[in-house]
Each structure stands twice: as C-alpha cells, then as structure tokens.
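*Asks:* Here you go, sequence then predicted model.
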Amino acid sequence: MSSSYGKNIKLTIFGQSHSKAIGMTLEGIPAGKRIDYEKLFEFMQRRAPGKNAYSTPRKEADAPEFLSGVVGDTTCGTPITAVIMNTNTRSSDYDILKDIPRPGHADYTGYIKYGEDRDYTGGGHFSGRLTAPLCIAGGIAIQLLEEKGIYICSRISSIGGIKDEGDLVETSIGCLTGINTGLPFNPASDGDFPTISKEQGEKMKAYIAEKRAEGDSVGGVIECAVFGIPAGVGDPMFDGMENRISQIIFGIPAIKGIEFGNGFEAAALTGSENNDEFCLKEGKIETVTNNCGGILGGITNGMPLIFRVAVKPTPSITKEQKSINLSTKEETTLVVPGRHDPCIVPRAVPCIEAAAALAVYDALLSC
C-alpha cells in the first residue's frame with residue numbers, strides 16, 4: 001500500500017477513519033522553521049466536520065498533537081510526526097457494510113484487494129477522514145511557502161450546475177484587502193463557503209439542502225491558484241508540475257478530474273486563441289493571457305499557477321440502492337447508515353490547498 005508522497009520531502013499518512021488515531025509523518029523539513037500553531041489550527045478547522053448544515057454531523061476537534069520533529073514551535077530537522085485522536089466514532093453503524101458494499105465507495109474494491117480482514121468501518125483507510133493529516137502537513141507547507149512570498153488561493157467554482165461568478169485571479173490580486181496587506185485575497189478566508197459571489201454561494205447552499213432532504217448528495221468543482229511561484233520550477237516529462245500536483249490531488253478521495261489553465265476548453269480553440277503571447281511588464285517577462293495555467297512543458301513560467309478539480313457527489317446517500325451480499329453472492333438493496341456530508345466540496349477546499357502547497361514546496365526543493 002502506498003500512503004506516501006514526495007521526492008525531496010516525504011509525507012506518509014497513517015490510520016483509518018475509526019482507528020484510535022490518524023496522523024502523518026513529514027520528513028525533509030529543515031531545522032529552524034517556526035510553525036504558527038494557531039494559524040495551523042485555524043486552517044485545520046476549515047476541513048473539520050460537524051461545523052454546519054452541509055457537512056457530516058460527526059464532530060471531531062481535529063487538533064493535531066505533535067509527537068516529534070519540533071521543539072516548542074520550531075522544527076528540529078528530524079521527521080515531524082503528528083496525530084489526531086478519533087473521539088466520535090460509531091463503528092456499529094457500519095456493521096452491515098462488512099457484507100454489503102456501498103455503491104460508489106471503495107468497499108467492494110477494498111474487499112477484493114484486502115479480503116475479509118479489511119477495516120470497513122467509516123471507510124477505513126479509504127476515508128476522507130485521512131485528509132485531516134494531509135491538512136496538517138499541507139498547513140505547514142503553506143506557512144513555509146508564504147515565507148518565500150508564495151500564496152495559495154481557492155474557491156468553490158461550482159456546485160451541481162450552479163457556477164460562481166467572477167475571476168479568482170483578478171479577485172485575489174485586485175481585492176482591497178489584498179492591496180492593503182500586500183497579500184492576495186483568498187475567498188476561503190472569508191467564511192466557510194468560499195465563493196466570490198455570495199449570492200451564488202447561497203444558491204449552492206440551497207441546492208445542497210434540497211438534495212440532502214431528498215436523501216441524495218451533490219458534487220462540484222474547486223479552483224485553486226498559486227501566486228508568486230517563480231519561473232523555472234518543475235521538470236519535463238514525468239516530474240512536471242502537472243504530474244506532481246495531480247499525483248497528490250488524486251490521493252484525496254472523491255477527486256475524479258483535474259485540469260490546468262484552460263484545460264479541456266483548450267481542445268475547442270485554435271492555436272492563435274490558446275497561445276499565451278509574451279510581453280514585458282516593468283521589465284519582467286510575462287504573458288498577455290494565462291491559458292496554460294502558468295505551466296509550459298511541466299515547468300512554471302512565472303504566471304499564477306491555476307488548476308481546477310472535479311469532486312464527485314458523496315456516495316453515501318440514504319436513498320435505497322442496489323448492491324450485492326458478498327457472503328451469499330445474492331443481489332440485495334442497501335440504505336447507507338452512518339453520518340455523511342451531503343456535499344464534501346466545501347470541506348475539500350483546504351485539502352486541495354494543502355495538496356498544492358506540498359507539491360509546490362517539494363518541487364521548489366529541486367531547484
């Protein structure tokens with residue numbers, strides 16, 4: 001089982017949804033780096049469950065406990081290990097899933113791979129609960145990147161067929177908050193439902209509530225931008241920035257697609273429409289547009305790095321669905337038990353930022 005990521009840093013995530021604890025070990029962080037624990041905890045709370053009507057009612061503090069790698073609030077150069085205790089599990093809710101796999105989940109493939117001894121409670125090691133330790137590591141990486149003048153901003157681009165309005169890059173750079181502080185404005189820092197248009201955000205929330213009442217769920221798209229990343233980061237072929245980011249992004253459950261810059265829309269354009277022409281701005285080489293999303297040939301070109309990910313609807317729903325009894329090999333039906341998000345998109349936003357931060361920081365160490 002591969003639960004590790006990175007070339008210059010090494011992140012390993014361990015635990016299961018209902019195990020005593022979940023956690024991470026992060027190797028390769030230099031000594032002498034201060035971790036702002038308050039800022040890290042605030043970041044973690046954006047992912048934590050049980051905060052609002054559109055997340056699971058399972059309540060977990062998600063407060064990391066650091067076991068090694070730090071002295072006080074400063075890294076000491078050794079592997080950083082942190083754990084989060086699981087305190088609000090209800091494993092009996094999942095007894096039926098030992099024999100009857102949930103449609104859309106990894107229950108069946110996990111059974112085929114690991115057999116009857118797998119941990120099926122709460123999804124086991126396949127659970128989105130494992131994104132909490134990802135956010136510990138990513139939250140640290142975000143702080144290290146900000147020391148270098150690199151900032152990550154994101155927003156919910158759409159829920160179902162309801163799209164946010166406005167441009168993430170223009171909003172992040174041009175917002176009055178950003179001008180006053182010298183930092184990009186991050187919609188995710190303005191409440192727990194990060195959209196540029198609050199009106200569209202309210203429509204998305206209403207749609208989630210509607211589908212939840214029907215026993216159903218919805219998915220959406222998250223857009224992420226990395227500002228301040230210099231030109232020349234990444235490599236051609238298999239270590240390109242798209243490769244590095246995509247690998248860790250797909251470690252987040254429910255992610256079904258990723259695109260950079262114009263992405264799939266580029267397929268309908270001509271070369272003259274899609275090409276980003278070069279220009280000089282205050283003596284610096286830039287591009288007039290940014291259809292490539294800040295990456296050419298796997299290497300950053302100095303423009304904002306932009307990508308979007310598709311998040312599937314939460315597969316755990318209360319509508320009756322067809323399944324198979326793995327013991328009797330008979331067809332049956334299932335109403336999924338337990339506590340689940342009707343839409344995981346809002347809580348996935350910080351996970352995307354965490355993954356992007358780790359990929360970018362790891363790539364920077366190769367320069």
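*Replies:* Arrived safely.

*Asks:* Just give me the neighbour total for the nearest residue to residue 318 once chain neighbours are set aside.
*Replies:* Excluding the flanking residues, the one nearest residue 318 by CB to CB, 6 or more residues apart in numbering is residue 215, at 3.8 Å. All C-beta spots, glycine's among them, are computed from the backbone N, C-alpha and C. If you count neighbours by other CB atoms under 10 Å, residue 215 ends up with 13.

*Asks:* which residues sit in contact with residue 215?
*Replies:* 317, 318, 319 (CB atoms under 8 Å, 6 or more residues apart in numbering).

*Asks:* Next step: these restricted to helices.
*Replies:* Using DSSP state H, no member of the contacts of residue 215 falls in helices.

*Asks:* Quickly name whichever of those residues is closest to residue 347.
*Replies:* residue 317 (17.0 Å; CB to CB).

*Asks:* one step back: now flag whichever of the contacts of residue 215 is closest to residue 367.
*Replies:* Distances from residue 367 to the contacts of residue 215, taken by CB to CB, are shortest for residue 317, at 45.4 Å.

*Asks:* Please verify my assumption that the closest one contacts residue 337.
*Replies:* No: using CB atoms under 8 Å, residue 317 is not in contact with residue 337; the gap is 11.3 Å.

*Asks:* how about the helices in the stretch 201-350 of the chain?
*Replies:* 241-249, 271-274, 345-364 (DSSP state H, counting those that start in this stretch).

*Asks:* and those helices as JSON lines, adding mean pLDDT and mean neighbour count?
*Replies:* Formatted as JSON lines, the helices of the stretch 201-350 of the chain follow (pLDDT from 0 to 100; neighbours: other CB atoms under 10 Å):
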{"stretch": "helix 241-249", "mean pLDDT": "98", "mean neighbour count": "21"}
{"stretch": "helix 271-274", "mean pLDDT": "97", "mean neighbour count": "10"}
{"stretch": "helix 345-364", "mean pLDDT": "97", "mean neighbour count": "26"}
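
*Asks:* Same list, those, but as CSV with distance to residue 171 please.
*Replies:* Converted to CSV, the helices of the stretch 201-350 of the chain look like this (distance: least, CB to CB, whole Å):
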stretch, distance to residue 171
helix 241-249, 22
helix 271-274, 23
helix 345-364, 15
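
*Asks:* which one of those helices lies closest to residue 23?
*Replies:* helix 345-364 (14.6 Å).

*Asks:* in the stretch 151-300 of the chain, which ranges drop under the pLDDT threshold?
*Replies:* 174-186, 188-190 (pLDDT under 70).

*Asks:* Tell me the predicted confidence for the closest residue to residue 294 other than its chain neighbours.
*Replies:* Once flanking residues are discounted, residue 294 sits nearest to residue 305: 3.8 Å by CB to CB, 6+ apart. Looking at residue 305, its pLDDT is 97.

*Asks:* Repeat that for residue 65.
*Replies:* For residue 65, the predicted pLDDT is 95.

*Asks:* didn't it look like it was pressed against residue 82?
*Replies:* Yes: between residue 65 and residue 82 there is a contact at 6.3 Å, judged by CB under 8 Å.

*Asks:* between the two, which one's more packed in?
*Replies:* residue 82 (22 against 11).

*Asks:* and the host helix or strand of the more buried one, what does it pack onto?
*Replies:* Under the criterion of DSSP states H and E, residue 82 resides in strand 80-85. Where contact means 3 or more CB pairs under 8 Å, 6 or more residues apart in numbering; DSSP states H and E, strand 80-85 is packed against strand 21-27, strand 65-68, helix 131-147.

*Asks:* now it and strand 21-27, what's the angle there?
*Replies:* 170 degrees (axes from the mean of the first three to the mean of the last three CA atoms, to 10 degrees).

*Asks:* which residues touch strand 80-85?
*Replies:* Residues contacting strand 80-85 (CB under 8 Å, 6+ apart): 15, 20-27, 29, 60, 62-70, 132-133, 136, 140.

*Asks:* Now restrict these to buried residues only.
*Replies:* 15, 22-27, 29, 60, 62, 64, 66, 69-70, 132-133, 136, 140 (16 or more other CB atoms under 10 Å).

*Asks:* by how many degrees do the strand holding residue 82 and helix 131-147 diverge?
*Replies:* Using the same axes, to 10 degrees: strand 80-85 against helix 131-147 is 140 degrees.

*Asks:* Contacts only, for residue 148.
*Replies:* 228, 364.

*Asks:* again, but for residue 36
*Replies:* 73, 143.

*Asks:* one step back: ok, the strand holding residue 82: who's next to it in the sheet?
*Replies:* strand 21-27 (antiparallel), strand 65-68 (antiparallel) (DSSP bridges).

*Asks:* wait, which of these is closest to residue 247?
*Replies:* Taking the strands paired with strand 80-85 one by one with CB to CB, strand 21-27 is closest: 16.4 Å.

*Asks:* Show residues contacting that closest one.
*Replies:* 9-16, 64, 69, 79-86, 129-130, 132-134, 136-137, 140.

*Asks:* Off-centre distance for the following helix or strand past it?
*Replies:* In the C-terminal direction, the helix or strand that comes right after strand 21-27 (DSSP H and E) is helix 37-45. Centroid separation for helix 37-45 versus its chain: 16 Å, with CA atoms, centre = their mean, to the nearest Å.

*Asks:* Of all the residues in helix 37-45, which ones are buried?
*Replies:* 40, 41, 43, 44.

*Asks:* likewise stretch 326-336?
*Replies:* So stretch 326-336, judged by 16+ other CB under 10 Å, has buried residues 326, 334, 336.
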